[in-house]
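Engineer: Predicted model and sequence below, questions to follow.
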Amino acid sequence: MTQTLTLTALPNIPLIQPGDDLAALILKSLAEAGLTLQDDDVLIIAQKIVSKAEGRLVKLSSVTPSARAIELAEQLQKDPRHVEVILRETKEIIRMRPGVIVVEHRLGYVCANAGVDRSNVAPHGDASDDYLLMLPEDADRSCAELRARLQAAANGGVRVGIIINDSHGRAWRSGTVGVAIGVAGLPALLDLRGTPDLFDYPLQITQVGLADELAAAASLLMGQAAEGRPVVHARGVPYPLREGDAQELIRPKEMDLFR
């Protein structure tokens, strides 16, 4: 039996400003792409546009660094104001070296700079006017709210999944990949333990990061630079949808061999 997964980067998503209605913009873009939401469709949305719409911007010139931020900034060779914003979003510092700080974000993700970013945030002028962008306050909640809006707007109601996608590095491989930092309406982690393989041997440890795999696939279309394709529609996900959230993907500290 042929299995097909179709990914479509939605067109004409504008540069997002604080307060913009993402659900309305996505519905408009779906219509322009000739797509109508169906049961089990998944929308993968770039973190930056969610954070911008939610106003998660900080003007660098408005930040007063703490003594701790000033101390770390010297070691990291970073702007102490940038380090201060990172610390505000950080639960625990995991690793540091000049130019890099890896932390546990307050929501549990382990990532560089607590997800605080300057790329593709705003036009660059005088450094004092630069903005920093933080991750959504609660990415799972953001997904759930978007999902409710989109499902309510669909004729007759549909069941869809939503993923907020961000680019993260990995402790054991080079290169960034898209990962799910927010999920609603689909299993973030798919537990296949006990499922028989081709020779009827039950799988013992297999758990699939389904939301991460979809996020990584969508990243190929979204790009990392000036592509301007922040929303991807997926149809044909080969597993049934259910309620889920990104917290399923966070490995408990006691099981993390890299910490």
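Structural biologist: It's in. None of the values given here were measured: they were computed from a predicted structure.
Engineer: following the helix or strand harbouring Leu150, which helix or strand comes up?
Structural biologist: Assessed by DSSP states H and E, Leu150 sits inside helix 139-153. Downstream of helix 139-153, the first helix or strand assigned by DSSP H and E is strand 161-170.
Engineer: any low-confidence regions in this structure?
Structural biologist: 119-129, 155-156, 192, 194, 203, 224-227 (pLDDT under 70).
Engineer: what is the residue nearest the centre of the chain paired to in the beta sheet?
Structural biologist: Ranked by distance to the mean C-alpha position of the chain (CA atoms, centre = their mean), the top residue is Asn165 at 2.7 Å. Beta-bridge partners recorded for Asn165 (DSSP bridges): Ala46, Ala180.
Engineer: quick one on the thing from earlier: contact partners of the helix holding Leu150?
Structural biologist: By CB atoms under 8 Å, 6 or more residues apart in numbering, the surrounding residues in contact with helix 139-153 are 22-23, 26-27, 37, 43, 45, 47, 50, 54, 107, 136, 157-164, 181-185, 245-247. Yep, even glycine has a C-beta here, placed from its N, CA and C like the rest.
Engineer: out of the residues you listed, which are buried?
Structural biologist: Buried members of the contacts of helix 139-153, counted by 16 or more other CB atoms under 10 Å: 22-23, 26-27, 37, 43, 45, 47, 50, 54, 107, 136, 158-164, 181-185, 245-246.
Engineer: Next up, the contacts around Val100.
Structural biologist: Leu76, Ala112.
Engineer: same deal with Thr6?
Structural biologist: Contacts of Thr6 (CB under 8 Å, 6+ apart): Ala234, Arg235, Gly236.
Engineer: again, only using 7 Å
Structural biologist: Residues in contact with Thr6 (CB atoms under 7 Å, 6 or more residues apart in numbering) are Arg235, Gly236.
Engineer: How about the one 3 residues further on?
Structural biologist: Going by CB under 7 Å, 6+ apart, Ala9 touches Leu221, Met222, Arg229, Val232.
Engineer: which SSE is the residue sitting furthest away from the middle of the chain in?
Structural biologist: Distance from the C-alpha centroid of the chain peaks at Phe199, with 36.8 Å (CA atoms, centre = their mean). Assigned by DSSP H and E, Phe199 falls within no helix or strand.
Engineer: Pick the one among the contacts of Ala9 closest to Thr195.
Structural biologist: Val232 (28.0 Å; CB to CB).
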